[in-house]
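Trainee: pasting the sequence and the predicted coordinates here, then a few questions.
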Amino acid sequence: SSALTGLVPGLQAVQSSGMAGNNEASLIIRGLGTVNNASPLIVVDGMPDVDINRINLNDVETISVLKDATSASVYGSRAANGVILITTKRGSAANDVKVVLDSKTSVSTIAKYFDVLSADSLRSLVNTIGTAQQQNLLGTASTDWQREVFRRSLITDNNVSITGGIKNFPYRLSIGNRIDNGILKRDQFQRTSVSLNMNPSLLDKTLQIEANMKYVQTGSFFANRGALGAAFFDPTQPVYSGSEAFGGYFEWTDNNKPNVLSARNPLGLIEQSTDKSRVNRAIANAKLTYNLP
């Protein structure tokens, strides 16, 4: 969906999250509507209601957008907010075999951190205008919590495709793998996709067959999003407490329990929570065209 930005007049692609692997954007063609929300209908190789973000961009041949009333006449009320037509790559009628390997590596970093008080600045402020009770709560550490929870993200995207044809049997097989390590520690997204297209011609080319099969497996590790708000933790406190309580991470406590009125240790939130997802999707369709004698 992000690849469509700027390609189609009037199309808005709004990114909703910076989470690892989240290239999903809200697509709006005709503005906000009330019929079937505001999202356009996605049609891939003639199959409607396909999740566009699960399609490997390396498999896409063409993308076109229908915005007028013609689209509604073909697809009904589902096309009230427009239609995006996607055609994937096909095999070659030639008898040769073509193998293409595509590999990309990219790095993402935080462009700018929030401007917050340093540990020394906070200690100076509290010692100047704070109460004795507040001064006693100050620590001796100097911790930059934003840099404790964020990291430099490495993204790898590898794809291999085999295109060829055996007599009247064109085919294309592609396999892709993407690993996206998010800028929030432990955030990760993995996607493995397999696509097979076959377009044989039979009976002296009077019978045309178009068969498409796609399989996508996505795996995600969701880092604790609570660490984003908790990253404004007291910079005078250390990351680790030196004891075994609370996994060894420093926490503000109340009766030997984490204080519910205080933020939690952001790194502790990330390292001590596990939230995983694994999703398998399969899409297949076929089209037969027969020319009568």
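Mentor: Received the coordinates, thanks.

Trainee: quick one: the helices in the stretch 101-250 of the chain?
Mentor: In the stretch 101-250 of the chain, the segments counted as helices under DSSP state H, counting those that start in this stretch are 119-129, 132-136, 145-149, 226-230.

Trainee: list of residues touching the first one?
Mentor: By that I understand helix 119-129. Identification of contacts with helix 119-129 by Cβ atoms under 8 Å, 6 or more residues apart in numbering yields 117, 134, 135, 138, 139, 141, 142, 143, 234, 235, 236. The C-beta positions use only the backbone N, C-alpha and C, and glycine is treated the same way.

Trainee: any quick PyMOL command for the buried ones out of those?
Mentor: Listed next is the PyMOL selection for buried residues among the contacts of helix 119-129, using 16 or more other Cβ atoms under 10 Å:
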select buried, resi 138+143+234+235+236
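
Trainee: which among the contacts of helix 119-129 gets closest to residue 201?
Mentor: Minimum distance to residue 201 across the contacts of helix 119-129 is 67.8 Å, recorded for residue 143 (Cβ to Cβ).

Trainee: nearest spatial neighbour of the closest one, chain-adjacent residues omitted?
Mentor: Leaving aside its chain neighbours, residue 143 sits nearest to residue 235 (5.2 Å; criterion: Cβ to Cβ, 6 or more residues apart in numbering).

Trainee: list the contacts of that neighbour.
Mentor: Contacts of residue 235 (Cβ under 8 Å, 6+ apart): 116, 117, 118, 119, 122, 141, 142, 143, 144, 145.

Trainee: if you set the cut-off to 6 Å instead, what comes out?
Mentor: Applying Cβ atoms under 6 Å, 6 or more residues apart in numbering to residue 235 gives the contacts 119, 122, 143.

Trainee: so for the strand or helix carrying residue 87, what gets flagged as buried?
Mentor: Per DSSP states H and E, residue 87 falls inside strand 83-88. Within strand 83-88, the residues that qualify as buried are 83, 84, 85, 86, 88, counting by 16+ other Cβ under 10 Å.

Trainee: from the chain's centroid, how far away is it?
Mentor: The chain centroid and the centroid of strand 83-88 are separated by 20 Å under Cα atoms, centre = their mean, to the nearest Å.

Trainee: retrieve the pLDDT associated with the residue nearest to residue 143.
Mentor: Residue 235 carries a pLDDT value of 96.

Trainee: now swap in residue 174 and tell me
Mentor: 95.

Trainee: so it bridges to which residues?
Mentor: Beta bridges link residue 174 to residue 161, residue 195, judged by DSSP bridges.

Trainee: contacts only, for it.
Mentor: Residue 174 makes contact with 59, 161, 195, according to Cβ under 6 Å, 6+ apart.

Trainee: one more time with 8 Å
Mentor: By Cβ under 8 Å, 6+ apart, the contact set of residue 174 is 56, 58, 59, 89, 159, 160, 161, 162, 193, 194, 195, 196.

Trainee: return the set of buried residues in stretch 180-198.
Mentor: Buried, per 16+ other Cβ under 10 Å, within stretch 180-198: 180-193, 195-198.

Trainee: over to stretch 194-211?
Mentor: Going by neighbour count (16+ other Cβ under 10 Å), the buried part of stretch 194-211 is 195, 196, 197, 198, 199, 200, 201, 208, 210, 211.

Trainee: so what's the fifth one closest to, chain neighbours aside?
Mentor: What it means is residue 199. In space, residue 199 is closest to residue 170, 4.7 Å off (Cβ to Cβ, 6+ apart).

Trainee: which one of the buried residues of strand 83-88 is nearest residue 226?
Mentor: Checking those against residue 226 by Cβ to Cβ gives residue 84 as the nearest, at 35.4 Å.
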